[in-house]
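1. coords please:
(6 chains)
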Protein chains: 6
Amino acid sequence: MENHPDLPHLDPEGRVHMVSVGEKDATQRLARAEGTLRTRPQTVRLVAEGRAPKGDVLAVARVAAIMAVKRTAEWIPLAHPIPITGVSADIKMLDDGFLVVVTVATVGPTGVEMEALTGVSAALLTLYDMLKAQERGMVIEQVRLMEKRGGRSGTYQREEG
Amino acid sequence: MENHPDLPHLDPEGRVHMVSVGEKDATQRLARAEGTLRTRPQTVRLVAEGRAPKGDVLAVARVAAIMAVKRTAEWIPLAHPIPITGVSADIKMLDDGFLVVVTVATVGPTGVEMEALTGVSAALLTLYDMLKAQERGMVIEQVRLMEKRGGRSGTYQREEG
Amino acid sequence: MENHPDLPHLDPEGRVHMVSVGEKDATQRLARAEGTLRTRPQTVRLVAEGRAPKGDVLAVARVAAIMAVKRTAEWIPLAHPIPITGVSADIKMLDDGFLVVVTVATVGPTGVEMEALTGVSAALLTLYDMLKAQERGMVIEQVRLMEKRGGRSGTYQREEG
Amino acid sequence: MENHPDLPHLDPEGRVHMVSVGEKDATQRLARAEGTLRTRPQTVRLVAEGRAPKGDVLAVARVAAIMAVKRTAEWIPLAHPIPITGVSADIKMLDDGFLVVVTVATVGPTGVEMEALTGVSAALLTLYDMLKAQERGMVIEQVRLMEKRGGRSGTYQREEG
Amino acid sequence: MENHPDLPHLDPEGRVHMVSVGEKDATQRLARAEGTLRTRPQTVRLVAEGRAPKGDVLAVARVAAIMAVKRTAEWIPLAHPIPITGVSADIKMLDDGFLVVVTVATVGPTGVEMEALTGVSAALLTLYDMLKAQERGMVIEQVRLMEKRGGRSGTYQREEG
Amino acid sequence: MENHPDLPHLDPEGRVHMVSVGEKDATQRLARAEGTLRTRPQTVRLVAEGRAPKGDVLAVARVAAIMAVKRTAEWIPLAHPIPITGVSADIKMLDDGFLVVVTVATVGPTGVEMEALTGVSAALLTLYDMLKAQERGMVIEQVRLMEKRGGRSGTYQREEG
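-> Sure, this is the predicted structure:
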């Protein structure tokens, strides 16, 4: 199972495979990703000002993130199944949208950035689903890795906002 | 199963439920969504200029979209399971990224915009996964509904590009 | 695909199969089931008196019920996959436990009592999971069908409370 | 969603998609497939002569077939999700192997031959798994469609045994 | 990822997360749970006295337990995915019902009581499904943890029967 | 959890269980399996001579193999969930069919021969699905283990081609 020099998910002849990680050590690893659902201000207020609904809307999106993180290897064809050891999903209400931040931890041979990004995507889609009766023009924006720790490639910290 | 006046995924007391659609007619419905993975130009060129890899990288992302569309109700907690009747996933290479467009068709009582948006997200995450060894700063941007047809609420067409 | 005279999930020679329902009409059907997680009073109070936690604990259990209902055919080997059209999950705090009530609706050729019972079980297990650090002796009790409507066999209503 | 003239799972430019079936009528359809696990005679006798084991070994393989049939669209990337209405799985003990026959019925817009073939494969793999401690040289052979009824393309009946 | 003082599945502000277990040692752990499906005596006799059916009915319920145990983290939103190393499912026919006992083993950082309870629930629901044509009033009762070994919190043994 | 002397997936009384592997060491293990889809020569040529289609058809089958390998424990009821560390799937075009070879690696307490065989089956079924509009008489043949390394039982190498 040799890898393509530039794109390790391909072999030298350009065919996809699942990269071999069996020789890597299992170490503590963490990744944090975030993304935004851009909405109209009144859509945020509908959630923020509601008494009861607020808890449920945000709780459902958090649960969606946690459940998607655990099943990342089913959504991303070449991702390794990874024994997740912890997940948190935080949702901030902005003036004109919702910021989702997901942090994932594992002890294993590969990083968990795909798990964090998948959790963010699932939470944003879930918020969209619950709010789409109110607003059709919502946009998912700026889904990206913010921080990554552990493993051979060391710590990554995104510089800008 | 009464719905909240503003947010139908909630009941009048703010608790989540799955909205009842049993009384709706099954009609032909279609949704088209798109989103972008923003990368450096050299990351696109790596895929575009490679001989063999190109086919596989884009094919894997298309498959990821199609498979995710079929299982949308497992990602999105309150989404209805829907008998998808057709899916296409198109990926355009931009100067500085990849544009994914997913079109989903069904004959059923609810729309398929969540399915189209979920397919776009899965394809973008899959591209990210295959390219992350080359570039860590990639960002998923502008995931949004472009068009929606069929059903009681009629046709929706996003105005801006 | 002939059925055993007493147990339709078996053929006349006693081998399991999935009962054929292709000749049945698709009609509106509903089932309601309930079950109880028996706890100590202080475990209920911990959820009831908490300010923020309460919303999340009950919301997570409701989501677990809804998601399990949709995937009943994956948990119950001989159950038919069914296009669920609506689900609600209600959780009442008792003096010494939690009562979960799940109502499921479909338009299809088979009933949804297994879906309702599966949703109840998933919500009870989820509550158990969230509360087990507080109390180990909790017991799931009285998981049962309360009402069933639609289909050839007509309406069923459980008599005792 | 136009199809390639020869391979409908591709579009005219050779990219995979899920073929659109929304305009097809939902009709009763049936498919029967079979396949063989070739073993040494003593491996068959171990199952056949065992008192209790026999029931469980064959029952587990039947259950594996039924459960795999229901989830065919998760294993086969471009397969449509289909509302299965009936499945039977029969296993015959041969002198030197096991013959698995799976019959699948649906009322829908596409045939169920992939479902029947997937059920056969799952039962054969499950038998292999349970018997592999006894014999390593077993081979799965002759997995094929035997009969197909319903739909526009009419009845198919394999000629040879 | 700090935990709420009383309910570790919540953070100090009451939002759900998946508890971090990355710092815990992987040790051998075992849990045993049980539960009962209460039926009429004639429903038990139908299974017990049947010649062939008996094997299949109980085998299918055992398989349902084993398969559900493996996928517990998909039923229970905040459960960790756990590498199960062994499962047994035993079903006793009582005078007026069926007693299911599931034992689960792992080598990992968290206990497997949720896995054992989930396996019991799946087997009971599967029995219910196969018997519901005979009797509608069946009730799932007394699903509970009987024993737990391994891990920091030590051995738990339920006192009453 | 004692095993049957001949068939370890059964207990001494012939009831299925999941064999306990918790006391086994986690070691590097590899398995390679293969199988053939027998077609008419013109069906192979359709894929081989097509310009664009070729890449996608074979890429989709490779992805199907990789995704099925990861979820083997969901297809095969008594298989252990295993942390796969690498997968490759190779497809050779023969004069009259397609030869699929899947290699799977893990670091764990059990072998991965079922994973390799499951990957082969999924790829063959996926090829069948994409080609069935061209030819109905295709047959899956000779699905078998070719090589196995690691673990207590040592290396296995199939002798004949």
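2. nearest the geometric middle of chain A, what residue?
-> Taking C-alpha atoms, centre = their mean, the centroid of chain A lies closest to residue A:117, which sits 2.3 Å from it.
3. residue A:83 contacts residue A:106, correct?
-> Yes. Here residue A:83 reaches residue A:106: they are 6.3 Å apart, a contact under C-beta atoms under 8 Å. Glycine gets a C-beta too; all of them are placed from N, C-alpha and C.
4. tell me which of these two has more neighbours.
-> Using other C-beta atoms under 10 Å in any protein chain shown, the more surrounded residue of residue A:83 and residue A:106 is residue A:106, with 24 against 20.
5. so that one sits in a strand?
-> Yes. The assignment for residue A:106 by DSSP: H, G, I helix; E, B strand; the rest coil puts it in a strand.
6. so how far is chain F from it?
-> 11 Å (C-beta to the nearest C-beta, to the nearest Å).
7. so where's chain A shaky on pLDDT?
-> A:1, A:50-55, A:160-161 (pLDDT under 70).
8. go again using 90 as the cut-off
-> Using pLDDT under 90 as the threshold, the predicted model of chain A has low-confidence ranges A:1-16, A:20-27, A:46-57, A:83, A:108-109, A:136, A:151-154, A:159-161.
9. quick one: the strands in it, in order.
-> Listed in chain order, the strands of chain A (DSSP state E) span residues A:27-38, A:84-94, A:97-108, A:139-149, A:156-157.
10. returning to that earlier point: wait, what's in contact with the closest residue to the residue nearest to the centre of chain A other than its chain neighbours?
-> With sequence-adjacent residues excluded and distances taken as C-beta to C-beta, 6 or more residues apart in numbering or on different chains, residue A:117 is closest to residue A:33, at 4.6 Å. Going by C-beta atoms under 8 Å, 6 or more residues apart in numbering or on different chains, residue A:33 touches A:101, A:102, A:113, A:116, A:117, A:119, A:120, A:143, A:144, A:145, A:146.
11. grab the nearest non-local neighbour of the second one.
-> By that I understand residue A:102. The spatially closest residue to residue A:102, leaving aside those adjacent along the chain, is residue A:119, at 3.8 Å (C-beta to C-beta, 6+ apart).
12. what separates that neighbour from chain D, distance-wise?
-> Taking C-beta to the nearest C-beta, one finds residue A:119 at 21 Å from chain D.
13. so that residue sits against residue A:66, correct?
-> Yes. Look at residue A:119 against residue A:66 with C-beta under 8 Å: they come within range, at 6.9 Å.
14. residue contacts, the residue of chain A found nearest chain D?
-> Going by C-beta to the nearest C-beta, chain D is nearest to residue A:74 of chain A, at 8.5 Å. Shown here is residue A:74, whose contacts under the criterion C-beta under 8 Å, 6+ apart are B:71, F:67, F:70, F:71.
15. can you check residue A:8 too?
-> Under the criterion of C-beta under 8 Å, 6+ apart, the contact list for residue A:8 reads A:19, B:133.
16. now it: phi and psi?
-> Backbone torsions for residue A:8, taken as degrees, to the nearest 10, come to phi -60, psi -20.
17. ditto for the one 3 residues further on
-> Summarising the backbone geometry of residue A:11 under the convention degrees, to the nearest 10, its torsions are phi -90, psi 180.
18. close enough to count as contact, it and residue A:20?
-> No. If you go by C-beta under 8 Å, residue A:11 and residue A:20 don't touch, sitting 10.8 Å apart.
19. please name the nearest non-neighbouring residue to residue A:90.
-> The spatially closest residue to residue A:90, leaving aside those adjacent along the chain, is residue A:101, at 4.6 Å (C-beta to C-beta, 6+ apart).
20. what's the neighbour count on that neighbour?
-> Neighbourhood size, residue A:101 [other C-beta under 10 Å]: 19.
21. hmm, it is touching residue A:116, no?
-> No. In this structure, residue A:101 is not within contact of residue A:116 by C-beta under 8 Å, at 9.0 Å.
22. what is in contact with these two at once?
-> Common contact partners of residue A:101 and residue A:116 (C-beta under 8 Å, 6+ apart): A:32, A:33.
23. picking up where we left off before, any idea how far the residue nearest to residue A:102 lies from chain B?
-> For residue A:119 relative to chain B (C-beta to the nearest C-beta), the value is 11 Å.
24. roughly how far apart are that residue and residue F:48?
-> According to C-beta to C-beta, to the nearest Å, residue A:119 and residue F:48 sit 42 Å apart.
25. neighbour count winner among the two?
-> A direct count of neighbours by other C-beta under 10 Å for residue A:119 and residue F:48 places residue A:119 higher, at 32 against 13.
26. tell me the contacts of that one?
-> With contacts defined as C-beta under 8 Å, 6+ apart, the neighbours of residue A:119 are A:33, A:65, A:66, A:68, A:69, A:72, A:87, A:89, A:102, A:104.
27. what's the distance between it and residue B:140?
-> 13 Å.
28. residue A:12 now?
-> Residue A:12 sits 29 Å away from residue B:140, going by C-beta to C-beta.
29. who's more crowded, those two?
-> Here residue A:12 and residue B:140 are set side by side on neighbour count (other C-beta under 10 Å), and the busier one is residue B:140, at 28 against 11.
30. bridging residues for that one?
-> Note on residue B:140: beta-bridge partners residue A:143, residue B:37, judged by DSSP bridges.
31. also residue A:10?
-> On the basis of DSSP bridges, residue A:10 takes part in beta bridges with residue A:16.
32. what sits against the residue lying closest to residue A:80 once chain neighbours are set aside?
-> The spatial neighbour of residue A:80 that comes closest, neighbours along the chain excluded (C-beta to C-beta, 6+ apart), is residue A:110 at 5.3 Å. Residues counted as contacts of residue A:110 (C-beta under 8 Å, 6+ apart) are A:21, A:24, A:29, A:80, A:82, A:151.
33. rerun at 10 Å
-> If you count contacts by C-beta atoms under 10 Å, 6 or more residues apart in numbering or on different chains, residue A:110 has them with A:19, A:21, A:24, A:26, A:29, A:79, A:80, A:81, A:82, A:151, F:85.
34. what does residue A:73 give?
-> Contacts for residue A:73 (C-beta under 10 Å, 6+ apart) come out as A:18, A:79-82, A:114-115, A:118, F:66-67, F:70-71, F:84.
35. one step back: need the residues touching each of residue A:83 and residue A:106.
-> A:26, E:22.
36. of the contacts of residue A:74, list those near chain C.
-> When these are checked against chain C using C-beta under 10 Å from any C-beta of the partner chain, none falls in range.
37. would you turn those into JSON lines with neighbour count?
-> Converted to JSON lines, the contacts of residue A:74 look like this (neighbours: other C-beta atoms under 10 Å in any protein chain shown):
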{"residue": "B:71", "neighbour count": "20"}
{"residue": "F:67", "neighbour count": "27"}
{"residue": "F:70", "neighbour count": "25"}
{"residue": "F:71", "neighbour count": "20"}
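38. can I get the residues you listed in TSV including distance to residue F:56?
-> TSV is the format used below for the contacts of residue A:74 (distance: C-beta to C-beta, whole Å):
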residue	distance to residue F:56
B:71	21
F:67	16
F:70	21
F:71	22
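39. ok, those residues vs residue F:131, which is closest?
-> Within the contacts of residue A:74, the smallest distance to residue F:131 is 19.4 Å, found for residue F:67 (C-beta to C-beta).
40. thought that closest one was touching residue A:77?
-> Yes. With contact defined as C-beta atoms under 10 Å, residue F:67 and residue A:77 form a contacting pair (5.6 Å).
41. between these two, what contacts are shared?
-> Overlap between the contact sets of residue F:67 and residue A:77, as judged by C-beta under 10 Å, 6+ apart, is given by A:18, B:63, B:64, B:67, D:77.
42. quick check, nearest of the residues you listed to residue B:135?
-> For the shared contacts of residue F:67 and residue A:77, the residue nearest residue B:135 by C-beta to C-beta is residue B:64; the value is 19.0 Å.
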